Each structure stands twice: as C-alpha cells, then as structure tokens.
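**Student:** What follows is a predicted structure for the sequence shown.
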Amino acid sequence: MRFVDEAKIFVRGGHGGAGAVSFRREKFVPRGGPDGGNGGNGGDVILCASNSHHTLLDLKYQQHHFAKNGGHGSGNNRTGSSAENLTVVVPPGTLVKDFETGEVLADLATVGQTFVAARGGIGGKGNAHFKTSTHQTPRFAQEGMEGEERTLLLELKLLADVGLLGFPNAGKSTFISRVSAARPKIADYPFTTLVPHLGVVKYKDAPSFVVADIPGLIAGASAGLGMGISFLRHVERTALLVHLIDIAEETRTDAWKNFTAISKELAGFNPQLLEKPQIVCLNKIDLPFVREKLKKTVAQFSKKGIMLHPFSAATGEGVQEILQKIVTVLNQAKNDDHE
C-alpha cells in the first residue's frame, strides 16, 4: 500500500430541510389553521480515528465529503426526516487543520476519537410554528439553514514510541528489520527508504514498543531540502529518539559533525524535539575503518557528556545493549508521566 501522510479535503454538512406552508383541509373544516411541519436537520460530517486505516491514501483521491440534506416538512405537522451523519475514517495520529488559516482544529491521536468537521444546518420552521393570536394564518415558513463547509488539511503523525534518526544509508532499515518483524527495503545506497516504516519490538519480559524508521533526513531538511521535512513530523509524538551515526561514508567520516547536523535539522523543524531523550549509536563497527576509529569517537562524545553506543546492525553486535537502554529510558518516561 502506498504511504500518504497528508491530504487536503473539502467537507460540507447537509442543509436543513425547509419548513412547509400548509393548512388543514378537512370536510366540514373550511378554514383549518396552519399545519406546516418543520424541516429536518442536515447531517454532520464527522472524522473518526480507526485502526482500519493506516494512511491517508483514500482521502488523497476522495477529496469531497458532503453529508445529506434534511428532509422538508409537510402538511399535517409532519417534520422532515433528519439526515444521517457522514463518518470519514482517518488513521489514529491524524492532525486536522484549517487549510486557510493553519489553525489546529483537532488531534485524533486515539482510536475512536471523533471531530465534527462540518455541522449540518438546522431545519426551518413550518408555518404552524408562526401562528399567533393575532396572526392566525401565516403564509410563510423558514428555509433550512445551510450546512457548514470548510477545507481541511489532514496531517498524519505516526504513533510510535521510538523514532530512528540518521542520514540516508546509516542503517536504520537494517536495524529495524533486525529487532522487529518489519521488512523495509534495504540496499547499499541512499534514499532506499522512501516512506516511514513501523516495527513492533519485543525485548525479554518488557512491554513491546513501536519503532519508526524516519527516512530522508539530509542537511537542510528542516528548510525543505530532500524529503526529510515531510517525515520529521512523525517523530513529534515519540517518547525517545535513537540517533544512528554512520562514519563509513567517505563524505561523513566525522561522527560529531553527523550528530550535530541532524540535531540542527531537529531544532530547525521544532526546537522541542531536542528536549526528548536521545540514545546516540555508532553503527557499522563490523567494518575495519569504523573499528579503528571507535575508541577515539567514543571518547569524543564522552567529552561532550554523551554516551555513544557502538553496534553493528548487520551482525547484531551491540544491538541487545541498545534494546536494553531503550527499554530503560521508556520505562523512566512512563514513570515520569505518572508522577
């Protein structure tokens, strides 16, 4: 399935039905009073988060969503039928914004959460409603109110506990395939991963957690270069960031520069991302070049007050230690939330 994490849609609530102009017409009642019924209410357009959807692909191509109109009133004081609401299903983690103003209208983060995107119009009053002691035969009724309409921008933010960060080809996909059942495409060239991947990780007796592989981060991503800005939003909900560093690439042999470059992109997109707990890891220690620089690189980060976790996603060396660290940090984050 194609992954789509942004969609623009137009929603409109149903119009209220018109009230009726009617008078009693019965045998032996030549001058019956007004008996026009009220119109029914138009349906609402409601967004609902459901696990049945994991992407905004359907809404990318079905952009218009109109609820039905309410029924018109009729004689004998019969009220028009109110229209059913129209439910539009979105994946959990969908952020709803007003397209014109950018205002955040709703954050549908949990399954079953709903948001009334466009309310239906109220049905008009029939002429029976307007009968008074001084006006016995009103010959008018109300039109139904129009339903609300608006253009919305939907943005999907993946719901994951851990976000994997790093430059292209840093080994994020290899790592997630080793620790979970996820099988993203893996190859030895940049931008193999074009969409985020989620993997569920079970480590020993600890509760399982979800890891998101965030692709496409390059220098300048927060300013719109590459694909990174399209996916940086997916790390905003995570409790922990795992930063994978690769110094095997000829153009990126300085681990500290790699780390600060990605940190700069996080700060440029949302400074609060830097406040999240981070685990910094050096990948590909199975390669001789990386192994030679390991001791010096670990010391370099230690001087900055950062513990560097060396590992190899290809061979599995050091992976268990990283998983243990992830579990420890996630447990601490949960305990902090409960305090």
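**Tutor:** On my side now, so go ahead.
**Student:** From residue 203, how far off is residue 146?
**Tutor:** 55 Å (CB to CB, to the nearest Å). Using the backbone N, CA and C atoms, a C-beta is placed for each residue, glycine as well.
**Student:** Which pLDDT does the model give residue 326?
**Tutor:** pLDDT recorded at residue 326 is 94.
**Student:** Next, it: secondary structure please.
**Tutor:** Here residue 326 is recorded as helix under DSSP: H, G, I helix; E, B strand; the rest coil.
**Student:** residues near it, how many?
**Tutor:** 23 (other CB atoms under 10 Å).
**Student:** Repeat that for residue 237.
**Tutor:** Neighbourhood size, residue 237 [other CB under 10 Å]: 17.
**Student:** Helix or strand for it, just tell me which one.
**Tutor:** If you go by DSSP states H and E, residue 237 is not part of any helix or strand.
**Student:** And it, how close does it get to residue 74?
**Tutor:** 51 Å.
**Student:** Kindly report the same for residue 10.
**Tutor:** Residue 10 is 32 Å from residue 74, by CB to CB.
**Student:** More neighbours: which of the two?
**Tutor:** Remark: of residue 10 and residue 74, residue 74 carries more neighbours, 19 against 15, as counted by other CB under 10 Å.
**Student:** quick one: that one and residue 35, what's the gap?
**Tutor:** From residue 74 to residue 35 the distance is 9 Å (CB to CB).
**Student:** Overlap in contacts, these two.
**Tutor:** residue 22 (CB atoms under 8 Å, 6 or more residues apart in numbering).
**Student:** Identify the bridge partners of residue 310.
**Tutor:** On the basis of DSSP bridges, residue 310 is bridged to residue 282.
**Student:** For it, list the residues it contacts.
**Tutor:** Applying CB under 8 Å, 6+ apart, the residues near residue 310 are 281-282, 285, 294, 298, 318.
**Student:** between these, which has the most around it?
**Tutor:** That'd be residue 281 among those, by other CB under 10 Å, with 27 neighbours.
**Student:** could you list every residue that touches that one?
**Tutor:** For residue 281, the contacting residues are 242-245, 308-311, 318, 322, by CB under 8 Å, 6+ apart.
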